[in-house]
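Enquirer: sequence first, predicted model second:
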Amino acid sequence: MIGSFARSIRQRLGKQSSPELYYIAPGVNWILDWIGTYITGEVERQFGLKAHAVNAASGLSNQILHYASLWEMAGYVHTKLSERNANVGTIFHGLKDAPLFQEAINTVLANEKKFAKVHTASKIMEERLIAWGIPAQKLVRIPLGVDLKWFRPAGFEKKAERRKELGIPEDAICIGSFHKDGVGREEGNEPKLIKGPDVLLKVIEKVHKAHPVFVLLSAPARGYVKAGLERAGVPYRHIVLDDYLQIPGLYQALDIYLMTSREEGGPNGVLEAMATGIPVVATRVGMVPDLIDSGVNGLVVESEDVDGLVACVTQLIAQPKLRKQLLKQGLQTIQDYDWVQIAARYYHEIYRPILDEITP
């Protein structure tokens, strides 16, 4: 039950028009911005709830405000921003022994009564949040989605065209890694270890000793990985895109997508790779164990298991039939993660219950 939110907002609404949805993302992370764009667009299109994707919100009253991450949630608590609303917050990932995360999550936990609902995307994080003190009845788990209109497989000819455009040798196994794993927004020469760039380099270097490997990188701040690939003599190309919707063209050039993180909320890359028909090798973090049945629609190993990751990549290189099986099953799995369906879950499981409580 939403309780105090329902009573206070219902009293203030009176005969006013129905509340609207404001999804507040920081404007510095295109993943969060696009999540907000998909959710608000689909919620308004499918259900008629007036919805806005914004970078900040002030002066609002009697609305539904959805804060896109823990940092926006903690900022709301500190600034008293828009407290005359039904507030929702998303917490994608985090470990309590990380100082900055610990400060932010403790702030939110101490003020959890100010939030009508708390959302997360993975079972791993759902269990952590309950253990830390978020009431289970307030917590909603809905996975991330992917735009299946844009992220889709390429045929043989288109794949060959993509590889030629990118300078990928015909005989090379092209391994992709498309997430930011360096500190800051510039070169990224200092590794962001939570993303596992050191593990990525160890895996690639070992595989490269036995197979012709080409690495395709995207996202900013990849300096640490690029320097490591150069030391190991592994050919690569790094492309930073300005338009998120150009990314499918990079996936379509790959043979394998490799994700070696120690902690994740999704990640989006795993969903996007599966949607474009690329077999995935990933560590057991974030949504990965919810999404992938290892050996059926992808390959999963424990975090930091370099030898296990090497074995998986080597197995896919040696067994084209297995690659084909995994991509086929992956494509079947990912149909349930289209943003059209995922956004509808946000409406039915988060926003509609709030509206039912607060609308006169």
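Expert: Happy to help now that I have it.
Enquirer: got the buried residues for the helix or strand containing residue 289?
Expert: Residue 289 belongs to helix 288-291 when assigned by DSSP states H and E. Neighbour-count burial for helix 288-291 flags 288-289, 291 (criterion: 16 or more other Cβ atoms under 10 Å). No exception for glycine: its C-beta is placed from N, CA and C like everyone else's.
Enquirer: and stretch 57-76, by the same measure?
Expert: By 16+ other Cβ under 10 Å, the buried positions in stretch 57-76 come out as 57, 60, 62-76.
Enquirer: packing partners for the host helix or strand of residue 128?
Expert: Using DSSP H and E, residue 128 maps to helix 123-132. When contacts are defined as 3 or more Cβ pairs under 8 Å, 6 or more residues apart in numbering; DSSP states H and E, helix 123-132 packs onto strand 117-120, strand 139-141, helix 288-291.
Enquirer: buried stuff in the first one?
Expert: So that's strand 117-120. 117-120.
Enquirer: count the residues that sit near residue 257.
Expert: For residue 257, the neighbour count with other Cβ atoms under 10 Å is 24.
Enquirer: residue contacts, residue 214?
Expert: By Cβ atoms under 8 Å, 6 or more residues apart in numbering, the contact set of residue 214 is 168-169, 172-175, 234-237.
Enquirer: how close does the residue lying closest to residue 196 once chain neighbours are set aside sit to residue 161?
Expert: Excluding its sequence neighbours, the residue lying closest to residue 196 (Cβ to Cβ, 6 or more residues apart in numbering) is residue 260, at 3.8 Å. Look at residue 260 and residue 161: by Cβ to Cβ, to the nearest Å, they are 29 Å apart.
Enquirer: over to residue 136?
Expert: The spacing between residue 136 and residue 161, counted by Cβ to Cβ, is 50 Å.
Enquirer: and what of residue 27?
Expert: Relative to residue 161, residue 27 is positioned 34 Å away (Cβ to Cβ).
Enquirer: between the two, which is the more surrounded one?
Expert: Set residue 27 next to residue 161 and count neighbours by other Cβ under 10 Å: residue 161 wins out with 15 against 12.
Enquirer: which strands and helices sit next to the helix or strand hosting the more buried one?
Expert: Here residue 161, judged by DSSP H and E, is contained in helix 156-166. Packing contacts for helix 156-166, counted by 3+ Cβ pairs under 8 Å, 6+ apart, involve helix 247-251.
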